[in-house]
Every structure is written in C-alpha cells, then in structure tokens.
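*Asks:* just the structure for this:
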Amino acid sequence: MNEILLLKLGELVLKGLNRKLFENLLLKRIQYTLCDLGQFDIRLAQSTITVVPQQAGVDLEEAAERVSKIFGIAAFSRAYVTEKNMDAILQAAGEYLGEELEQAETFKIEAKRSDKKFPFNSPQICMQVGEYLLEKYPHLTVDVHHPDCIVYVEVRDYGAYIRGRALQGAGGIPVGTGGKAAVLISGGIDSPVAAWMMAKRGVELTAVHFASPPYTSERAEDKVVRLLTRVSEYSGRMKMYTVPFTKVQEQIRANCPEELFTIIMRRFMMRVAEQIAKKEECGALITGESLGQVASQTMQAVGCTDMVAEMPVFRPLIGMDKTEIIAVARRIGTFEISIEPYEDCCTIFTPKHPRTKPIPAFVEKGESMLHVEALVEECVQNARYRKIGYRRQD
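*Replies:* You can find the predicted model right below:
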C-alpha cells in the first residue's frame, strides 16, 4: 500500500520574510528524527509536508509517533496516495478507510482541490465519493454535522491523498528558532515541564543539574537523565552538565543563617548556571518555579534570586498551579519518572522556617561569610558533561 504521512504546519504560516528559516529547520528536524527508520522523501508544499517512504518495510506507525512530538507541526495523519483520477480516488477511499467505515454509522466527505487543473471541483469530488461509499457500505448514512467518520480527499500537485481525521501535533515552533537557554533541572515534576514548554517556543536547551553526593545518589542523577531523555523526544538532543554542589551547601550550612539557606542556595545555582550558559552561548536561564508554590517561590524570593543573574530568567510555569503542571507532565511522559522517590539537592539542608520574604541586604550580608566567586568557579570547573537524546552515533 502506497502509504505516507501528511504533516500540517501551525503558526509557521504566519511568519513573514523569515518563514523560510523556520521551515528549513523543521524539515531538518524531521529528517534527523526519522533517519534511523529508513529513507524518506520529505517535501513541503502549500503548508503541508509529505513524508514518503522510499523503501518497503518502513515502520510508518513509529514514524508517526516520532513526528507527533516535533515542534512546529500542528497536525498529522497517515494517508494513502493515488493517481489523480476519480476511479483511483473512489477505489482508494473505499479500501483505505474500509475498517473505520465498517464500524461507523455516519460519515461525511471533505474535499480540497489544490490542483486547479483537476477536472472536478471540491463539491463534485464530495458528491462522487459520497455516492460511491453509500453504495459500497449501505449501512452508512450521511451526517455533515457530527459524523462518526470523516473521509478527506486532497488533490495536490503530486497526487490525490485519502485520509481520515488528523491527529493533533506538538504545535509550537521548531527548536533552534528561539535561541538557546540553560534550564536548571531537578528530579521533580516542574522543571522538566518548564524545559518542554520553552522548547515548544523554539528554544534549544542546555540542562544544568546540581548533585550533592553523598546526600544524593547516582540513582537520583539517573532519574534526571531519564527525565531529560523523555523531554528530548520533543526538544531534540541537548547537553547536560552535572554540577557537584555538596561543598557549597555545606559552606552555606556552616556559615549562613538557617532561615536563608534556601534563598542563598538558589542564588548560587543561578550564578553557576549562568556561567555554564555563557560557556554554551545561551541567552537566558529557565527555571520551573511557580509563584507561591513553596517558600523560595514568593515574589520577594524570586526577585532576590534574580539579582545575581545578568541574563533574563524565564519561568514558563509562574502562573500555573500544581494540577495544571501535573497535567502537562502526564501528557509528555515525565510524571511517573518525576515521582520516583529519590532525593535531589533542593530537598536536603531544608530549613525548618525558611524566610519567605527575604530582604536583599540581609541575604547579601548572610553570603558575606562565603567565598562566593571561588565556590562558583570551582562548581563550574568540576561540572561533568554528557549528551542527552541522541538516536544515532554522531
């Protein structure tokens, strides 16, 4: 069967003079994502991308699953391509969607004729295909408002395409069109969702994870790797830096007021992440903070943390509640990993009564007993680097 994938562009069609840049990056992303499944002819025309297998035995179901996670694609469907004549279209419509039509009680036809040289217009195509299917499947009736099955017929330059309902794609814009940013990633629910949301806006990610052995285990770091691997199914490959953070936290515990432990720790994380971000030529930092969720995520605490960063800090979850964040985490497949019971560095040395409205002058005074620049430099120098999300050897 001559089956292909049809991918519909989303907001890319609204781009102006730089639309070609967005489209080219999207095509490259599709090619890379499918490269280990076989050879594909990938073309863009009239806001639709056709993905045509060039060899037998290609796993089109797996290909469809992968393209469903590519940002920039609004909708996708498997389709049958046939010759541009009515006999071939009628036969394909009756056979390709036969199983779905057998189970349906009502149906409708939607036709689109992009090739104006085709001798029948859209209403005529609908009429002929509808009459043919009513004769072939006499149990069916037409319902143009709420049909069980919709048969789509598209007549384009390269052929006629028969398909059923399109499935929702990942949306957004292609990764790489929105610049680069470093995301502070933990093993919790929030930060992987924040990473995913910024990747959806075209941001290429570098991940920075803080580990505190022996208080945190290798299993906790492995958990973060698995979370990022799941995010990378959408965002594409990324770099991950694991920062040894034990010395910083022990220095904070030994020298700073207990009520300020969390806010001072967060300020150190910002400093370290920013240095790594500069090294990777990133233009911003990303965190998974949600306003008011915990003591370190009040308006005053967020402002005090941002004072040490020169880069913009993006917080895509800032106005979301936990239920909304969990819903996204479930949808992208990170939730079940996030709730595994391994400690991360943010949950150790937690003060009993953290300051929720820190005053910057008091925080700076609390930090004055520390060798801030030296500790930050040591963290950056000792950070371990790995690649996440590669499907093939590069």
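
*Asks:* for the record, mean pLDDT for the longest strand seen in the chain?
*Replies:* Taking DSSP state E as the criterion, the chain has its longest strand at strand 73-82. Across strand 73-82, pLDDT averages out at 95.

*Asks:* could you list every helix and strand that the next helix or strand after that strand packs against?
*Replies:* Once strand 73-82 ends, the next helix or strand along the chain (criterion: DSSP states H and E) is helix 86-96. On a contact count with 3 or more Cβ pairs under 8 Å, 6 or more residues apart in numbering; DSSP states H and E, helix 86-96 meets strand 73-82, helix 122-136, strand 149-156, strand 159-163. Glycine gets a C-beta too; all of them are placed from N, C-alpha and C.

*Asks:* show me which residues of the following helix or strand past helix 86-96 are buried.
*Replies:* For helix 86-96, the following helix or strand on the C-terminal side (DSSP H and E) is helix 98-103. Using 16 or more other Cβ atoms under 10 Å as the test for burial, helix 98-103 gives residue 101.

*Asks:* tell me the contacts of the nearest residue to residue 388 once chain neighbours are set aside?
*Replies:* Nearest residue to residue 388 in three dimensions, chain neighbours excluded: residue 228, at 4.6 Å (Cβ to Cβ, 6 or more residues apart in numbering). Residue 228 makes contact with 185, 192, 195, 207, 238, 240, 388, 389, according to Cβ atoms under 8 Å, 6 or more residues apart in numbering.

*Asks:* low-confidence ranges in the protein?
*Replies:* Counting by pLDDT under 70, the chain contains low-confidence residues at 1, 295, 343-349, 351-352, 390-394.

*Asks:* what's the domain layout of it?
*Replies:* 3-168, 180-388 (automatic domain parsing).

*Asks:* pairing partners for the helix or strand residue 205 falls within, with directions?
*Replies:* For residue 205, the host element (DSSP H and E) is strand 204-211. Using DSSP bridges, the strands paired with strand 204-211 are strand 180-184 (parallel), strand 238-244 (parallel).

*Asks:* quick check: buried residues in the helix or strand following that strand?
*Replies:* Next in sequence after strand 204-211, counting helices and strands by DSSP H and E, comes helix 218-235. Residues 220-221, 223-235 are the ones in helix 218-235 that count as buried (16+ other Cβ under 10 Å).

*Asks:* centre of the chain to helix 218-235, how far?
*Replies:* 13 Å (Cα atoms, centre = their mean, to the nearest Å).

*Asks:* pull up the pairing partners for the longest strand of the chain, direction included.
*Replies:* Strand pairing for strand 73-82, using DSSP bridges, gives strand 3-9 (antiparallel), strand 159-163 (antiparallel), strand 167-168 (antiparallel).

*Asks:* between these, which one is closest to residue 121.
*Replies:* With distances scored as Cβ to Cβ, the stretch of the strands paired with strand 73-82 nearest to residue 121 is strand 159-163 (13.9 Å).
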